[in-house]
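Engineer: the following block contains a protein sequence and its predicted model.
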Amino acid sequence: MLKFVILTSILLYVGTAIELTFELPDNANQCFYEDLKKDVDTAFEFQVVTGGHYDVDLIIEDPNGKVLYKDTKKQYDSINFKAEVEGTYKACFSNEFSTFSHKIVYMDWQFGDQNALHAAVTQGAHAMTQLENYAVAIGDKLRTIDDYQTHHRLREATGRKRAEELNERVMIWSLGQSAVVVFIGIGQVFLLKSFFNDKRTRY
């Protein structure tokens, strides 16, 4: 029973992660910092949910200022690296190239030993029991489900925003077309009226 409680606790905490969605104003630059130990595996993922052309600049640097990743006008990307030195790592998003549109950006920064559960259940010389095997499988499935749900939510939010923008454009276009039809109708009425007025003046 004690072993089951320990395995359940490990399932709830396998690594460390920062997952958030934030607003990046136009002409703005926003950085995030994280202290990492040497040889720690790191996975960094981001996606522009809404705003402008759905693109943003990103640069990731280690404590010595070494650029680990740099790209411009990306909608989404995933980066994996191992911390070569211990210290504070920096990830900076930039929207300085945009003069009027702000962005909504999703970021997921995972670090730590993603195999901690495997290491915990295999300590010592004993073989893994069936319960431990189930715990490992459940932990892997939960992480996979969480990733799928996050990606589906992001795609749904992006699709909804684009649909709203398309609906707004269609509405504006329809209003414009309606105004043109009204003006043409009024113009035709005045034109026909002028024909009759010309005939009356001749007689």
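Structural biologist: Received, thanks. This structure is a prediction, so every number in the text was calculated from the model and none was measured.
Engineer: distance-wise, check the closest residue to Gly52 other than its chain neighbours relative to Glu132.
Structural biologist: Closest residue to Gly52 apart from its sequence neighbours, by CB to CB, 6 or more residues apart in numbering: Ser101 at 3.6 Å. Glycine gets a C-beta too; all of them are placed from N, C-alpha and C. Using CB to CB, to the nearest Å, Ser101 is found at 51 Å from Glu132.
Engineer: which one of these two is surrounded by more residues?
Structural biologist: Glu132 (19 against 14; other CB atoms under 10 Å).
Engineer: is it fair to say that one lies in a helix?
Structural biologist: Yes. Assessed by DSSP: H, G, I helix; E, B strand; the rest coil, Glu132 belongs to a helix.
Engineer: any idea how far it is from Ile138?
Structural biologist: Going from Glu132 to Ile138 by CB to CB gives 11 Å.
Engineer: try Leu175
Structural biologist: In terms of CB to CB, Leu175 sits 55 Å off from Ile138.
Engineer: now do the phi/psi pair for Trp80.
Structural biologist: If you look again at residue 80, you'll see it is Asn, not Trp. phi -120, psi 130 (degrees, to the nearest 10).
Engineer: count the residues that sit near it.
Structural biologist: Using other CB under 10 Å: Asn80 sits among 11 other residues.
Engineer: in the protein, where is pLDDT below threshold?
Structural biologist: 1-17, 113-128, 198-203 (pLDDT under 70).
Engineer: how about the strands of it, start to end?
Structural biologist: 16-24, 29-36, 41-50, 56-61, 67-74, 76-82, 87-94, 103-111 (DSSP state E).
Engineer: how about a markdown table for these, with distance to Thr158 added?
Structural biologist: Below are the strands of the chain laid out as a markdown table (distance: least, CB to CB, whole Å):
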| stretch | distance to Thr158 |
| --- | --- |
| strand 16-24 | 12 |
| strand 29-36 | 20 |
| strand 41-50 | 6 |
| strand 56-61 | 13 |
| strand 67-74 | 14 |
| strand 76-82 | 10 |
| strand 87-94 | 17 |
| strand 103-111 | 9 |
